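>>> need a structure here:
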Amino acid sequence: MHGPEPVGWMLVALCGAVGAYCLRRTRGGTPGQRREAAGEAVMGLGMAVMALPASAVDPPPPAVFVALFGATAGYGLALVLFDGEHRLHHLHHTVGALAMLHMALAMAAAPAPAHGHHAAPSAHPASAAATGALLVYFALYTLLAGARLAPAPDSLRLPETAASGVRGGRGGRGAGPRRAPEVAAACRLAMGIGMFAMLLTV
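Got it, this is the predicted structure:
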């Protein structure tokens, strides 16, 4: 990846941790949840590899990323068309895969000396327009996802009830299942931030 090396390593750590957590999520849940976690693991780990500083590690050939994220985007598009229950979620993952494919194609089109985990900035109008549109999308996504994860004001919180245990004491039964969706959403937010940062180098 072009850009400051410390930023590249921070992205590697962030995306690698998210990918590893999503890989762990594939061991449980419904088939749909496992499929969702597997897709997020591919995205997170793929982002971590692509974010490796080019000055520190020899990059895989751009064709590897093109094939991986081209297939991921195609699979995501099929889910968008045929799985109406989670269409918006699949659409977001498809946009993410297309963003990775866009960066991989920029790598492949870069002159040989510039081949790294990210291409040098391109002056091609179509490439610049695609990059700009993706930056806007992921900026809006991270803002909205962050707002959804923010704790509600005290005046809007549900009152504690002993029967429901919604606001029960520490270690109450069900704390783990309640937190699992929040952690998964936080992982998607982290990947959105990472994607935005990586697109800035295209």
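
>>> run the chain-centre distance for the helix or strand hosting Ala38.
Secondary structure from DSSP states H and E places Ala38 in helix 31-51. From the chain centre to the centre of helix 31-51 is a distance of 8 Å (C-alpha atoms, centre = their mean, to the nearest Å).

>>> what pLDDT, on average, does it get?
Mean pLDDT, helix 31-51: 89.

>>> next: stretch 189-199.
Computed over stretch 189-199, the average pLDDT equals 94.

>>> ditto for stretch 6-23
For stretch 6-23, mean pLDDT is 93.

>>> re the thing from before, I'd like the next helix or strand past the helix holding Ala38.
As assigned by DSSP H and E, the chain's next helix or strand after helix 31-51 is helix 62-82.

>>> hmm, back to that, what's the angle between the helix holding Ala38 and helix 62-82?
Note on geometry: by axes from the mean of the first three to the mean of the last three C-alpha atoms, to 10 degrees, helix 31-51 and helix 62-82 are set 150 degrees apart in direction.

>>> can you show me the CA trace of helix 31-51 as PDB?
In PDB, the C-alpha atoms belonging to helix 31-51 read as follows (Å, rounded to 0.1, in the frame of the first residue of the first chain):
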ATOM      1  CA  PRO A  31     -26.400 -21.300   7.800                       C
ATOM      2  CA  GLY A  32     -27.200 -17.700   6.800                       C
ATOM      3  CA  GLN A  33     -25.200 -16.200   9.600                       C
ATOM      4  CA  ARG A  34     -22.300 -18.500   8.900                       C
ATOM      5  CA  ARG A  35     -22.400 -17.500   5.200                       C
ATOM      6  CA  GLU A  36     -22.500 -13.800   6.200                       C
ATOM      7  CA  ALA A  37     -19.600 -14.200   8.600                       C
ATOM      8  CA  ALA A  38     -17.600 -16.100   5.900                       C
ATOM      9  CA  GLY A  39     -18.100 -13.200   3.400                       C
ATOM     10  CA  GLU A  40     -17.000 -10.700   6.000                       C
ATOM     11  CA  ALA A  41     -14.000 -12.700   6.900                       C
ATOM     12  CA  VAL A  42     -12.900 -12.800   3.200                       C
ATOM     13  CA  MET A  43     -13.300  -9.100   3.000                       C
ATOM     14  CA  GLY A  44     -11.400  -8.300   6.300                       C
ATOM     15  CA  LEU A  45      -8.500 -10.600   5.600                       C
ATOM     16  CA  GLY A  46      -8.300  -9.500   2.000                       C
ATOM     17  CA  MET A  47      -8.200  -5.900   3.000                       C
ATOM     18  CA  ALA A  48      -5.400  -6.700   5.600                       C
ATOM     19  CA  VAL A  49      -3.300  -8.300   2.800                       C
ATOM     20  CA  MET A  50      -3.900  -5.500   0.400                       C
ATOM     21  CA  ALA A  51      -3.000  -2.900   3.100                       C
END
